[in-house]
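3D model of this:
(2 chains)
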Amino acid sequence: MDIIGFIVVFMIFLAIGMPVAFAMLSTSAIYFLLADVPLIMMLPNRMFGGLDSFILVAIPFFLMAGELMNRSGISDRLVNFSNLVVGRMRGGLAQVNVLSSVLFAGITGIALGDVVALGKIFVPAMEKQGYSRAFAGAVTGASSLLGPIIPPSTIAVLYAATMGVSVGGIFIAAIIPGLIIAGSDMLIVYLIARKRKFPTLDTPVTPKALAIGLRDASLAIIMPLIIVIGILGGIFTPTEAAAAAVIYSIVVGMFILRTLKSGDVLATFKVSAIDTARLLVIIAGAAAVGWIFAMENVPEFVDQLFTPIKGNMLVLVLCVNLFFLFLGTWLDPATSIILFGPIIGPMAFDAGLHPLQFGIMMIINSNIGYVTPPVGNVLFAISNICRVGIWELGRELLPFILINMVVVILVGLLPELSLWLPRLLGLV
Amino acid sequence: MLDWFLSGLAVLSRLIQALCQFLLMVMLLITVSQIVARYFFSIGLPWAEEATRYLLVWMVMLGIGLLTRMDDHLGIRAFQDAMPDRLRAVSRFVVFACTFAVAILLAAYGYPFAVGSSFITSAGLQISMAWAFFAIFFGALPLAIYSAVNAIIELIVVFTGKRPKDPRVEADRHELVQLLVEEE
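Here you go, the predicted structure:
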């Protein structure tokens, strides 16, 4: 089977609803079985090879830490704090939604966690204040995209593991682009709120409320700090930092907030183990496909394909991003990064993009697929929570999606946007 | 008879869940001990990193079967959802049949993969690599069982038009899958 046949079979499998991991494994198995020399024993070999990585051990820990903080009821507290900070702005509750997501992004590395935790709080509350449900859902969904960008981020860990860059580096590189997106989201909310005359919140800012709010917010902010400072300071490996975050969230939940029961901790182990399997089985499948792509010289082919535009950064960045945007609408970010990072990456690095810069670009870009049909998990989740159709939601999401795209292009064209902070810290 | 079989599947599922839970606990314990040993006792644990890696492979491989039982792998469902019931059942049958085929291949070639490397000793733990490599074989077994059962269920739907539901599977889903909305 040649590579075109491989891709066609893979896409047919995906289209009939086969899980991504099994579409990859089945197609690879067919390829191995049809090969001139017996290769099928590569299947268990590549699966094991794909999973056998110390960096990947960080993923169940990051998932656990987020889940534990969530079960401690941190999201309500972050909302209360955000309320004190931005509630008095025009469209207050929508701004609170964005700021809560920024804080929440520091404790979870996935977008869906954010949507579930915050969507249930914000959508009914915003509707009560006269926002349309579609707008409420759109703000929740758009700001949840910060989860995989602001560290810690599961996708960033996957990128680091796949491309062999440092986890610390990719975490730090994501901070400025992430904050720019957050700022832009707030600006969009402000402009729309002014146009549609959304209300402000008049929550009284008492010293007592402020003290509680600051305490809760710092409990949340300390976690990403432990992770980032721990890794950068050489105190922890990324995996140890993630484990430390788990211990921290257990201490906060059980002894400071006293809202976490030992049963919650036990349940978290179970749920996070399964969540990890759901994500990492894709890595195992991608390891087989990656091996086949390398055998078939796909990276070389891509390199040749892009040669005519390599000299023109603007065209190159646009083309690469259009490609990933298209991929992102079909595949989840983990799949497109693991599968296509190693194919497009070497060509892009050769053309002058830094691996960290390329990574941030890919992460933000493939994230956009979370809120687009036909497979956007976040889009469908909000549509479920708000009971609003996806097209209506899509219309409200459009300005937020556009700003994400603009930032993606800017990250590609202005290296300093992602590299300034890592350079300042001596990471690149 | 059928009920016995379904209860057996549910027990297996419970067993795997407990095992995955336990493996993650051990991984956390090892990683934390590594930190403590380094900072409080100034000793390195050369086996720790390797141990967590192998435990992760085991955890993921065992989890795959469970996810197939609950039909909760990541994938594109949009087209399937748009299909008429029978056609959907046919395509789901193809999906589970392929999954089953992959599981059988993994079991068939995962076994010699592990046994064939049993003479290799791992660098850190100083154990036979077969301990690590057997994850593929032992993960493939429940995957084969659960995908075969799901394939048969889809066949029943194709021929009778009715979807048999097992409350025990629903219970697993309820416990392990973060439900996005409360079901009505």
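
for the closest residue to A:Arg395 other than its chain neighbours, what are its contacts?
Counting by C-beta to C-beta, 6 or more residues apart in numbering or on different chains, A:Arg395 lies nearest to A:Ala134, which is 7.3 Å off, once chain neighbours are set aside. Using the backbone N, CA and C atoms, a C-beta is placed for each residue, glycine as well. By C-beta atoms under 8 Å, 6 or more residues apart in numbering or on different chains, A:Ala134 lies in contact with A:386, A:388, A:392-393, A:395-396.

mind running it again at 10 Å?
Neighbouring residues of A:Ala134 by C-beta atoms under 10 Å, 6 or more residues apart in numbering or on different chains: A:123, A:382-383, A:386, A:388-389, A:391-397.

Give the PyMOL command for selecting the buried subset of the residues you listed.
A single PyMOL command selects the buried members of the contacts of A:Ala134 (16 or more other C-beta atoms under 10 Å in any protein chain shown):
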select buried, chain A and resi 123+382+383+386+388+392+393+394+396+397
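
Do you know the pLDDT at the nearest residue to B:Ser122 once chain neighbours are set aside?
Closest residue to B:Ser122 apart from its sequence neighbours, by C-beta to C-beta, 6+ apart: B:Met129 at 5.5 Å. The confidence metric pLDDT takes the value 86 at B:Met129.

Looks like B:Met129 contacts A:Asn45 (just checking).
No - assessed by C-beta atoms under 10 Å, B:Met129 is found out of contact with A:Asn45, at 11.9 Å.

what is in contact with these two at once?
Contacts common to B:Met129 and A:Asn45, judged by C-beta under 10 Å, 6+ apart, are B:113, B:117.

Let me know the distance separating A:Ile188 from A:Gln129.
Counting by C-beta to C-beta, to the nearest Å, the gap from A:Ile188 to A:Gln129 is 18 Å.

Next up, identify which helix or strand the residue of chain B at minimum distance from chain A is on.
Nearest residue of chain B to chain A, counting by C-beta to the nearest C-beta: B:Gly63, 2.5 Å away. Element membership for B:Gly63, per DSSP states H and E: helix B:48-69.

Put the alpha carbons of that helix into CSV.
Extracted C-alpha coordinates of helix B:48-69, given in CSV (Å, rounded to 0.1, in the frame of the first residue of the first chain):
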residue,chain,number,x,y,z
ALA,B,48,12.1,5.4,39.6
GLU,B,49,11.9,7.0,36.2
GLU,B,50,11.8,3.7,34.4
ALA,B,51,9.3,2.2,36.8
THR,B,52,6.8,5.1,36.3
ARG,B,53,7.2,4.8,32.5
TYR,B,54,6.4,1.1,32.4
LEU,B,55,3.5,1.6,34.8
LEU,B,56,2.1,4.3,32.5
VAL,B,57,2.3,1.9,29.5
TRP,B,58,0.4,-0.7,31.6
MET,B,59,-2.2,1.8,32.7
VAL,B,60,-2.9,3.1,29.2
MET,B,61,-3.0,-0.4,27.7
LEU,B,62,-5.5,-1.6,30.3
GLY,B,63,-7.5,1.5,30.0
ILE,B,64,-8.0,1.1,26.2
GLY,B,65,-10.3,-1.9,26.7
LEU,B,66,-12.4,-0.1,29.2
LEU,B,67,-12.8,2.9,26.9
THR,B,68,-14.0,0.6,24.2
ARG,B,69,-16.5,-1.0,26.6
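
and that helix, which residues are buried?
B:48-69.

picking up where we left off before, sort out which of the contacts of A:Ala134 are in helices and list them.
Taking DSSP state H, the ones among the contacts of A:Ala134 that sit in helices are A:123, A:382-383, A:386, A:391-397.

can you tell if the longest helix along chain A touches chain B?
Identified as the longest helix of chain A according to DSSP H is helix A:262-295. Yes - under the criterion of C-beta under 10 Å from any C-beta of the partner chain, helix A:262-295 makes contact with chain B via A:265-285.

Wait, A:Asn404 touches A:Ser144, no?
No - with contacts counted by C-beta under 10 Å, A:Asn404 stays clear of A:Ser144, the gap being 11.9 Å.

who touches both of the two?
Residues touching both A:Asn404 and A:Ser144 by C-beta under 10 Å, 6+ apart: A:367, A:371.

follow-up on the earlier one: so A:Ile188 and A:Gln129 - more neighbours on which side?
Neighbours per residue (other C-beta atoms under 10 Å in any protein chain shown) separate A:Ile188 from A:Gln129, with A:Ile188 holding more: 20 against 15.

Now that one: which helix or strand?
A:Ile188 belongs to helix A:167-196, assigned by DSSP H and E.

quick revisit: give me the buried entries from the residues of helix A:262-295 next to chain B.
Buried members of those, counted by 16+ other C-beta under 10 Å: A:265, A:267-285.

Buried ones in the biggest helix by length in chain B, by neighbour count?
Taking DSSP H as the criterion, chain B has its longest helix at helix B:2-40. Using 16+ other C-beta under 10 Å as the test for burial, helix B:2-40 gives B:6, B:9-10, B:12-13, B:16-17, B:19-21, B:23-25, B:27-28, B:30-32, B:34-35, B:38.

Ok, stretch A:193-209 next?
Result for stretch A:193-209 [16+ other C-beta under 10 Å]: buried residues A:193, A:198, A:200-201.

mind listing which of those are in strands?
Taking DSSP state E, every one of the buried residues of stretch A:193-209 sits outside strands.

Would you check which pair of these lies furthest apart?
The distance between the two most remote of the buried residues of stretch A:193-209 (C-beta to C-beta) is 11.7 Å, for A:Ala193 and A:Leu201.
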